[in-house]
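Undergrad: Return atomic coordinates for the entry below.
(one chain, ligands or ions: 1)
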Amino acid sequence: MSESKAALKEFQTEVRAWMKENVPAPPPFLLPLSFLEVGTEQQLDFLREWQHRVWSAGYLGMHWPKEYGGQGADPAYQGVVDRELGAANAPIMFNTIGLGWVGPLLLEMGTEDEKAKYLKAILSGEEIWCQGFSEPDHGSDLGAVQTRAVRDGDEYVINGSKIWTTMGNYADHMILLARTDPTAERKYDGLSFFLSPMKIPGVDAVPIRKVTGEYGFNQVFFTDARIPASTLMLEEGKGWQVAMKTLEYERGVQAGQGTSHWAVSIQIDDLIDDLRGFERDGEPLFQDPSVRDQAVTLIMEAKALALSQRRMRLSGLTSDFPMGLPLSSKYRGTEWARRMKLFGTAMQGASSSLYMGDGDAYRGGFWQRAYFSNFGMTIGGGTTQVQANIIAEHVLGLPK
Ligand SMILES: Cc1cc2nc3c(=O)[nH]c(=O)nc-3n(C[C@H](O)[C@H](O)[C@H](O)COP(=O)(O)OP(=O)(O)OC[C@H]3O[C@@H](n4cnc5c(N)ncnc54)[C@H](O)[C@@H]3O)c2cc1C
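TA: Have a look, this model is predicted:
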């Protein structure tokens, strides 16, 4: 179904009016910059209420089937909503793992029972999902996962530990990659994928403090936790296949995002506006040729990234390397954002060492916090280095 420009324009007018009426005023407490940093009950309640309101208005899951709580519309409509959420500076949609990868995964590979059981509660924000892939000794090398799942009648018994589990302490469910067959010849063939409950005996999530000073991820310990065998997706030994599909959603290779509004939008224009009032040696900061040079480089890169986003929507321009642009967008986009936020921090001179909570910190340490927070983006879903390897091997066909 391709939507006419006029219909989308009309929809945009409707959504914009709704945002004007409904976007809540900023609360008296700090909101997270992205879904990776939801660290207090107060933040969670606020964001959950907001997601529920957006969904109730019919603006979330625009392209998910109606019977599972969606709107059954063309994906272009979710794009419109996302742009309007960003333009209105609206709070983020916090249930990103559910909306962005579990939902699309179930729609593609799940059974009818799984879809009926889980999808609507993801959209409404009632049920939160987390992702149990990384382990203390196995992050990039995901195929080496050691957490064990042993079949016992109608249940699996889980033992082991997952780490960096975003929202693990609040989640109702986890997409869990665990080892069912430690003797399999290929390590990948011994893995299975579960839609595991979290609020059961034997599952403990311990929050970990981040470099930003905030919380958001956890170490999760499984100690003889018993989960229903019906939570196994596909069959035993097929976990790697499902995990790779999940990562395709996470890395943007596969479309199907429930929403892209999962982080506060911080653009180069915000930075330039912010720095206009700054001075260096009594002169406006942007009179300094080296500052101008750095700013212009960042602006040109931002333009190139935006053009790549547009190119991605034109299949004729991507047919030679279909995965190339999405994969390189994560790689280049997150690294660009890190450098941009570092620039915003460094330009404060000696004050750049001040942080949130210091009364003298510029804008309450906004750029410093944004810079530290950005490391989550360059590491999560595959580090920059691993992403470069994937592009080299799977897109360009270079040797390992
Ligand atoms: C904010 C945040 C949220 C996260 N949320 C989740 C979550 O919800 N669920 C989850 O399962 N995980 C989550 N992660 C974990 C994330 O997926 C891992 O941190 C990531 O995959 C890297 O694994 P690692 O930390 O074990 O580092 P390692 O794999 O030990 O890597 C260490 C360093 O070595 C480099 N390296 C490793 N292998 C190679 C290679 N083959 N070639 C070149 N360089 C290499 C890496 O780039 C990195 O610099 C999160 C991480 C962060 C930062």
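Undergrad: avg pLDDT for the helix or strand harbouring residue 307?
TA: Using DSSP states H and E, residue 307 falls within helix 289-312. If you average the pLDDT over helix 289-312, you get 93.
Undergrad: Just after it, pick out the following helix or strand.
TA: helix 324-346.
Undergrad: so what secondary structure elements neighbour the helix holding residue 307?
TA: Using 3 or more CB pairs under 8 Å, 6 or more residues apart in numbering; DSSP states H and E, the elements in contact with helix 289-312 are helix 268-275, helix 324-346. Where you see a C-beta, it was placed from the backbone N, CA and C, and this is true even at glycine.
Undergrad: buried sites along it?
TA: Buried residues in helix 289-312, counted by 16 or more other CB atoms under 10 Å: 291, 294, 295, 298, 301, 302, 305, 308, 312.
Undergrad: by how many degrees do it and helix 324-346 diverge?
TA: 150 degrees (axes from the mean of the first three to the mean of the last three CA atoms, to 10 degrees).
Undergrad: Could you number the chain from 772 rather than 1 from now on?
TA: That works, and once the first residue is 772, the last one we named lands at helix 1060-1083.
Undergrad: Contacts for helix 1060-1083, please.
TA: For helix 1060-1083, the external contacting residues (CB atoms under 8 Å, 6 or more residues apart in numbering) are 1038-1039, 1042-1043, 1046, 1051, 1056-1057, 1088-1089, 1096-1097, 1099-1100, 1103-1104, 1107, 1110-1111, 1114, 1118.
Undergrad: Relative to residue 918, how far out is residue 961?
TA: 12 Å (CB to CB, to the nearest Å).
Undergrad: Direction included, what does the strand ranked longest in the chain pair against?
TA: Using DSSP state E to define each element, the chain has its longest strand at strand 988-999. Next to strand 988-999 in the sheet, as set by DSSP bridges, lie strand 926-934 (antiparallel), strand 974-979 (antiparallel).
Undergrad: host element of the residue nearest to residue 1102 when sequence neighbours are not counted?
TA: Nearest non-adjacent residue to residue 1102, counting by CB to CB, 6 or more residues apart in numbering: residue 1158, 4.4 Å away. Secondary structure assignment for residue 1158, by DSSP H and E: helix 1155-1161.
Undergrad: Can you give me the buried ones in that helix?
TA: Buried residues in helix 1155-1161 (16+ other CB under 10 Å): 1155, 1157, 1158, 1161.
Undergrad: between those residues, which is closest to the ligand?
TA: The shortest approach to the ligand among these belongs to residue 1157, at 5.3 Å (CB to the nearest ligand atom).
Undergrad: Pull the number of nearby residues for the residue of the stretch 772-921 of the chain found nearest the ligand.
TA: When scored by CB to the nearest ligand atom, the stretch 772-921 of the chain has residue 910 as its residue closest to the ligand, at 1.8 Å. The tally of other residues near residue 910 (other CB atoms under 10 Å) stands at 16.
Undergrad: How about the one 4 residues further on?
TA: Neighbourhood size, residue 914 [other CB under 10 Å]: 17.
Undergrad: Alpha carbons only: can I get stretch 943-953 in PDB?
TA: Extracted as PDB, the C-alpha positions of stretch 943-953 are listed here (Å, rounded to 0.1, in the frame of the first residue of the first chain):
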ATOM      1  CA  ASP A 943       8.100  -8.400  32.700                       C
ATOM      2  CA  HIS A 944       9.700 -10.500  29.900                       C
ATOM      3  CA  MET A 945      13.200 -11.100  28.500                       C
ATOM      4  CA  ILE A 946      14.200 -12.300  25.100                       C
ATOM      5  CA  LEU A 947      16.700 -14.800  26.400                       C
ATOM      6  CA  LEU A 948      19.500 -16.500  24.500                       C
ATOM      7  CA  ALA A 949      20.600 -19.600  26.400                       C
ATOM      8  CA  ARG A 950      22.600 -22.800  25.800                       C
ATOM      9  CA  THR A 951      20.500 -25.900  25.600                       C
ATOM     10  CA  ASP A 952      23.200 -28.200  24.100                       C
ATOM     11  CA  PRO A 953      26.700 -27.600  25.300                       C
END
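Undergrad: how about that stretch against the ligand, any contact?
TA: No: figure legend: stretch 943-953 not in contact with the ligand (CB under 6 Å from any ligand atom); closest approach 8.1 Å.
Undergrad: ok, now stretch 1104-1119?
TA: No: shown here: stretch 1104-1119 not in contact with the ligand (CB under 6 Å from any ligand atom), separated by at least 11.1 Å.
Undergrad: picking up where we left off before, nearest to residue 812, out of the helices and strands packed on helix 1060-1083?
TA: Of all the helices and strands packed on helix 1060-1083, the one in closest proximity to residue 812, counting by CB to CB, is helix 1095-1117 (27.9 Å).
Undergrad: So which elements touch the closest one?
TA: Helix 1095-1117 packs on helix 1039-1046, helix 1060-1083, helix 1137-1150, helix 1155-1161, going by 3+ CB pairs under 8 Å, 6+ apart.
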